[in-house]
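Colleague: coords below, sequence missing:
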């Protein structure tokens, strides 16, 4: 349960992000990022376990390095001639990408996720990405640098999740894959990024709510979990929707992005992104298939409670994509 100090830190965390995105100077944005970082560290220490200590130390060191690089790029931009500005913007972009956990700056992300509670995992995968992404949107252009980051993010996000038995690490690699899509959405249009990010937050929240509710941390727990078939079904529908399987809601932003990138002549890039997304769908389907195969081994009595209604609503959110996609296909 959240206490008063947790609420204070959450408020401070949100204020830091709002300062960053509304600042008129780079230095103000840096101050907001630092405030955000120093508010999240105490939230990570919720249960004071050794795993949380390790995760918060990793997170602090990486974010501090990224902040130093960001501050260095601000100072260099003020001191250097105009010729160096291209390299400085790459340094600034690298610092911001390190803060989000995009590949090839992703190595800290699965390790930090592994040591956190589900509520902190949700904050790390959603809210903590807002400020760096909006700051990145000021400097982003379709260059070889960003193309490489997109390709690496979707590839590492797909391959990294294949041999994972930890659900938190699986979600971390899924997040890295989505980051590649979000960066490409930002390159096309900020509105597409906003749509993608909003749907990603909704689906992520739905999946993490079920994981937290059922205390699922490893894949083996999904096989022999004595929850009702409705809870299991809503969990897997939400996961497949998060993976971007048509015709669920998660496919909607990907479809819009595929259309726009094809019309912008980025066919090879979108081909790589779609192919790697199929790999992420493969490991989601593998979990789902195994869990449903084991369902006939389970006890056939369940404790039906009021939470079933919320799970039905979560499943309905993912199913919402079906009528939307049907309407779009007829337009």
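Modeller: Everything's here; your move. Source: prediction; values computed, not measured.
Colleague: how close does the residue lying closest to residue 34 once chain neighbours are set aside get to residue 207?
Modeller: Nearest in space to residue 34, with sequence neighbours left out and distances taken as C-beta to C-beta, 6 or more residues apart in numbering, is residue 67 at 6.1 Å. Any C-beta I mention is one placed from the backbone N, CA and C, and that applies to glycine too. Separation of residue 67 from residue 207 (C-beta to C-beta, to the nearest Å) stands at 30 Å.
Colleague: Between the two, which is the more surrounded one?
Modeller: In this view residue 67 and residue 207 are compared by other C-beta atoms under 10 Å, and residue 207 has more residues nearby, 24 against 17.
Colleague: Let me see the contact set for that one.
Modeller: Under the criterion of C-beta atoms under 8 Å, 6 or more residues apart in numbering, the neighbours of residue 207 are 171, 235, 238-239, 242.
Colleague: Quick check: which element contains it?
Modeller: In this assignment (DSSP states H and E), residue 207 forms part of helix 190-214.
Colleague: Low-confidence stretches in the protein?
Modeller: Where the chain drops to pLDDT under 70, the residues are 1-2, 80-85, 224-227, 294-309, 330-331.
Colleague: Closest to the centroid, which residue in it?
Modeller: Nearest to the centroid of the C-alpha atoms of the chain, with distances taken as C-alpha atoms, centre = their mean, sits residue 175, at 3.5 Å.
Colleague: In this structure it contacts residue 122, no?
Modeller: No: the pair formed by residue 175 and residue 122 falls short of the contact definition of C-beta atoms under 8 Å, at 10.6 Å.
Colleague: picking that back up, could you export the contacts of residue 207 as JSON lines, including distance to residue 87 and secondary structure?
Modeller: Compiled in JSON lines, the contacts of residue 207 are given as follows (distance: C-beta to C-beta, whole Å; DSSP: H, G, I helix; E, B strand; the rest coil):
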{"residue": "171", "distance to residue 87": "35", "secondary structure": "helix"}
{"residue": "235", "distance to residue 87": "46", "secondary structure": "helix"}
{"residue": "238", "distance to residue 87": "43", "secondary structure": "helix"}
{"residue": "239", "distance to residue 87": "41", "secondary structure": "helix"}
{"residue": "242", "distance to residue 87": "37", "secondary structure": "helix"}
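Colleague: Tell me the one among those nearest to residue 283.
Modeller: Within those, distances to residue 283 taken as C-beta to C-beta reach their minimum at residue 239, with 10.0 Å.
Colleague: about what we covered before: could you pull out the buried residues of the helix or strand encompassing the residue nearest to residue 34?
Modeller: Element membership for residue 67, per DSSP H and E: helix 50-79. Within helix 50-79, the residues that count as buried by 16 or more other C-beta atoms under 10 Å are 52, 55-56, 58-60, 62-63, 66-67, 69-71, 73-74.
Colleague: hmm, back to that, could you pull out the residues contacting both of residue 175 and residue 122?
Modeller: Here residue 175 and residue 122 share the contacting residues residue 204, scored by C-beta under 8 Å, 6+ apart.
Colleague: what does stretch 93-104 contact?
Modeller: With C-beta under 8 Å, 6+ apart as the criterion, stretch 93-104 contacts 33, 62-63, 65-67, 69-70, 73, 105, 108-109, 128-129, 131-133, 135-136, 139-140, 145-146, 149, 152-153, 155-157, 172, 175-176, 179-180, 183.
Colleague: So which of these belong to strands?
Modeller: With strands defined by DSSP state E, no entry of these lies inside them.
Colleague: And the residues you listed, which of them are buried?
Modeller: The buried subset of these - by 16+ other C-beta under 10 Å - is 33, 62-63, 66-67, 69-70, 73, 105, 108-109, 128-129, 131-133, 135-136, 140, 145-146, 149, 152-153, 155-157, 172, 175-176, 179-180, 183.
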